[in-house]
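A.B. asks: Predicted model and sequence below, questions to follow.
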Amino acid sequence: MKNTLVIARRELTEKRFVFLTAIAFAVLAMIVPFMPGVHASERRNALAMASLIFSTGFTVGLAAILGANIIGRELSDGRLSFYFSKPVSAASIWFGKLIAATLLIAVSFAIIALPASIAGIGGVVRTWTNLGESLPTIRIILAAALVLFLLGHVIGTFARSRSAWIVVDFVAATLCGIAIWLIMRSLLQGYAFGLTERLGRFLAIEAAIAIIAGGLWQVAKGRTDRKRSHIELSRFLWIALGSALVIIAGYAVWVESVSFADLVPESADHSPNGSWAIIGGRGRHREDYRASFLYDLRDNRAVRIPALNPYAAIQFSADERTFSWVTRTPNAPVGEFYVAKVDSKTPHAVATRIPATGNYALSDDGSRAAIVSSGRLVTIYDLATLSSLGSVRLAEGQYIVPLFITNDLMRIYVHGNGTKIFEYDVVKKTLRQTGVLPDAFRLNHDRTRAAAYWKRPAIEIYDARTGALLTKIDRRPTTVRFLDDGRIAAAKENALEIFSPDGALLRSIDLPKEIKYLVNAGGGRVVVVMLNQGRRPTSVLIDVDRGVVVRTEEGLLPEYAARGSQLLCQNIAKDLIVWDTVTGEKRVILKRS
């Protein structure tokens, strides 16, 4: 330890001019506020800003220079032999120089940044960054200096050796870069932002440790031979980084191999008739990595779809044999359209290479897709050949929703100041407006009628094609659902009312608690979801034909988009449950904890 400190003191003595230069920059920063053009009221900020800029530039530049010369220059000049002629160990040489360089960088930064700290560095940081405090900014500057110092040492050693071994370094660096990109990319596809950041920090710390330890190995094994010094540093560095990447890659593979049983459920999308669901969530013990599975509600079969974006909007075809989604990488404005066939024993994603930026629709048989792209362009594609069958550009509208009526007839709802209804004939390539609807509405099962009730004094039933008002029901409900046969279920407070398709009241059912929402269970049955004051859910299955309660389930909360006789629900523990509304059977398919 004594020899280490002696060498550090020698290095500081030789480079004491660095401190003098730092003092000069600090004085220069104090002169800046008094230069012509600086208003008296801005002198304090000018002092802080000049001091911060000078300290950052000087510290970063000094770190790069010291890193490149800490060993490399003395090797190339043949002066390193001086240390080995003394009874000094390689550890004393390396860590003595390292301590001296660290003190030079830190003290120089403190000297030049001193005027900024006195003038108020926090105000400058808040003005020019979003960090809010000065401490994170100082950490970033010193971290950048550390990175440049370590990289400068490695690059300086490689360059000064004038060895062909640098080709090996280039190949190894390229392979490490590719491996890091592949690992991080695969994790980001699962939206594991937090995990990716932590692994990146781990890798950065490991790389810093590897370079520091590699410097010691370099001095001990390479001694005064600059080519051998290069080879020893290179060998140690790439073995250490390669080992770390193998460990990280193995961990990433384990993270991405999440099974359905390891899923912590967060979302569920249902097919039109409720036979299938897309269930997404976080992997258990995998931090924020997310995965999505295709789940058959009838036989409990779960299939992982790796290409499925956990936050993608899912659409099933009406025959429930095809589902589709748009996969979009984080922050990317344009995504790619994917389809998968669920009637296959091993459904897999098919990348269509069709760009998508907005809404889309599948035809009833899943053979065609209408995709909204930028510029309000709606394009119809044949999914078998991936060819365009026609496109139409809408002149206006903030929100465009396409809908297949038949394979050759497309209805397009253009939301804006009112919802304009257009129909596009794929064969004739003609577009015409057929009507106008209110902005907010809900379509019935066969897409012939629309119900508008949100913030309206009555339930208004419109023709979904022409926008013609068919009937008005004198009710102001909180929620409305179409049943499969066209009847209308409306709820307000604790009253459930059933209306015929033409708006006639069929029956009214009073329930003991306030109704929050309704779920269509099929076959003339509705599940009424109620919440008591403690937010504890109660689900009541009602036979609307007879107006009777079939069964009541305490603590069971169906998914809002659930439908059909097999309903996905949550219990009080947030476990995901399939509730068979016909038999009353409940089976847990995923536990929350």
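C.D. replies: Noted; the coordinates are in hand. Numbers count the residues shown, from 1 in each chain.
A.B. asks: Next secondary structure element downstream of whichever helix or strand V253 is part of?
C.D. replies: Per DSSP states H and E, V253 falls inside helix 226-256. Going down the chain from helix 226-256, the next helix or strand is strand 263-270, by DSSP H and E.
A.B. asks: chain center to that next one, what's the gap?
C.D. replies: 16 Å (Cα atoms, centre = their mean, to the nearest Å).
A.B. asks: and if you look at stretch 138-151?
C.D. replies: In terms of Cα atoms, centre = their mean, the centre of stretch 138-151 is set 28 Å apart from its chain centre.
A.B. asks: V519: neighbouring residues, count only.
C.D. replies: 25 (other Cβ atoms under 10 Å). For glycine as for every other residue, the C-beta is placed from the backbone atoms N, C-alpha and C.
A.B. asks: next one: R284
C.D. replies: Neighbour count for R284, taken as other Cβ under 10 Å: 16.
A.B. asks: Next one: it from A277, what distance?
C.D. replies: 19 Å (Cβ to Cβ, to the nearest Å).
A.B. asks: what's the following helix or strand after the lowest-mean-pLDDT helix or strand in the chain?
C.D. replies: Using mean pLDDT, DSSP states H and E, the weakest-scoring helix or strand in the chain turns out to be helix 121-128, at a mean of 52. Using DSSP H and E, the helix or strand that follows helix 121-128 in sequence is helix 134-161.
A.B. asks: Could you pull up the contacting residues of the spatially closest residue to I488 that is not a sequence neighbour?
C.D. replies: Once flanking residues are discounted, I488 sits nearest to F499: 4.3 Å by Cβ to Cβ, 6 or more residues apart in numbering. Neighbour list for F499: I459, I473, R487, I488, A489, A490, L505, L506 [criterion: Cβ atoms under 8 Å, 6 or more residues apart in numbering].
A.B. asks: how much space between F499 and D463?
C.D. replies: F499 sits 17 Å away from D463, going by Cβ to Cβ.
A.B. asks: ok, back up a step: quickly list what the residue nearest to I488 is bridged to.
C.D. replies: I488, L505 (DSSP bridges).
A.B. asks: Centroid-nearest residue for this structure?
C.D. replies: The centre of the chain sits closest to Y191, judged by Cα atoms, centre = their mean, with a distance of 4.0 Å.
A.B. asks: What's the local residue count around the nearest residue to R536 once chain neighbours are set aside?
C.D. replies: Excluding the flanking residues, the one nearest R536 by Cβ to Cβ, 6+ apart is G555, at 6.3 Å. By other Cβ under 10 Å, the residues close to G555 number 13.
A.B. asks: Tell me if I'm right that G555 and C569 touch.
C.D. replies: No. Assessed by Cβ atoms under 8 Å, G555 is found out of contact with C569, at 9.7 Å.
A.B. asks: Give me the buried positions along the helix or strand where A106 lies.
C.D. replies: Under the criterion of DSSP H and E, A106 resides in helix 90-119. If you call a residue buried by 16 or more other Cβ atoms under 10 Å, then helix 90-119 has these buried ones: 90, 92-105, 108-109, 111-117, 119.
A.B. asks: quick check: angle from that helix to helix 134-161?
C.D. replies: With axes from the mean of the first three to the mean of the last three Cα atoms, to 10 degrees applied, the angle from helix 90-119 to helix 134-161 works out at 140 degrees.
A.B. asks: Mind checking the pLDDT average for stretch 12-30?
C.D. replies: Throughout stretch 12-30, pLDDT has a mean value of 86.
A.B. asks: Dump it to CSV, keeping only the CA atoms.
C.D. replies: Provided in CSV are the C-alpha atoms of stretch 12-30 (Å, rounded to 0.1, in the frame of the first residue of the first chain):
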residue,chain,number,x,y,z
LEU,A,12,0.3,13.9,-9.0
THR,A,13,3.6,15.8,-8.7
GLU,A,14,4.4,15.3,-12.4
LYS,A,15,0.9,16.4,-13.5
ARG,A,16,0.4,19.3,-11.0
PHE,A,17,0.0,21.6,-14.0
VAL,A,18,-3.4,20.1,-14.5
PHE,A,19,-4.6,21.7,-11.2
LEU,A,20,-3.2,25.0,-12.3
THR,A,21,-5.1,24.7,-15.6
ALA,A,22,-8.3,23.9,-13.7
ILE,A,23,-7.8,27.0,-11.6
ALA,A,24,-7.3,29.1,-14.7
PHE,A,25,-10.6,27.8,-16.1
ALA,A,26,-12.4,28.6,-12.8
VAL,A,27,-11.0,32.1,-13.0
LEU,A,28,-12.2,32.4,-16.7
ALA,A,29,-15.7,31.3,-15.6
MET,A,30,-15.7,34.1,-13.1
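A.B. asks: Centre of the chain to that stretch, how far?
C.D. replies: On the basis of Cα atoms, centre = their mean, stretch 12-30 sits 46 Å off its chain's mean C-alpha point.
A.B. asks: Quick check: buried residues in that stretch?
C.D. replies: Buried residues in stretch 12-30 (16+ other Cβ under 10 Å): L12, K15, V18, T21, A22, F25, A26, A29, M30.
A.B. asks: need these in a markdown table with secondary structure, can you?
C.D. replies: Shown next, in a markdown table, are the buried residues of stretch 12-30 (DSSP: H, G, I helix; E, B strand; the rest coil):
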| residue | secondary structure |
| --- | --- |
| L12 | helix |
| K15 | coil |
| V18 | helix |
| T21 | helix |
| A22 | helix |
| F25 | helix |
| A26 | helix |
| A29 | helix |
| M30 | helix |
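A.B. asks: now, the most widely separated pair of those?
C.D. replies: Greatest spacing in the buried residues of stretch 12-30, by Cβ to Cβ: L12 and M30 (25.3 Å).
A.B. asks: related to what we said a few turns ago, closest to S243 among the contacts of F499?
C.D. replies: Proximity of the contacts of F499 to S243 (Cβ to Cβ) peaks at A489, which lies at 62.7 Å.
A.B. asks: show me what contacts the closest one?
C.D. replies: Neighbour list for A489: V480, R481, F482, L483, L496, E497, I498, F499, L518, N520, V526, V544 [criterion: Cβ under 8 Å, 6+ apart].
A.B. asks: So which of those residues belong to helices?
C.D. replies: Secondary structure assignment by DSSP state H places none of the contacts of A489 in helices.
A.B. asks: Specify which member of those is nearest to L590.
C.D. replies: The closest of these to L590 turns out to be N520 (Cβ to Cβ; 23.4 Å).
A.B. asks: Run a quick neighbour tally on that closest one.
C.D. replies: N520: 20 neighbours (other Cβ under 10 Å).
A.B. asks: wait, isn't it in contact with L541?
C.D. replies: No. N520 is not in contact with L541 according to Cβ under 8 Å; the separation is 11.6 Å.
A.B. asks: can you list residues touching both of the two?
C.D. replies: Common neighbours of N520 and L541 (Cβ under 8 Å, 6+ apart) are V526, V527.
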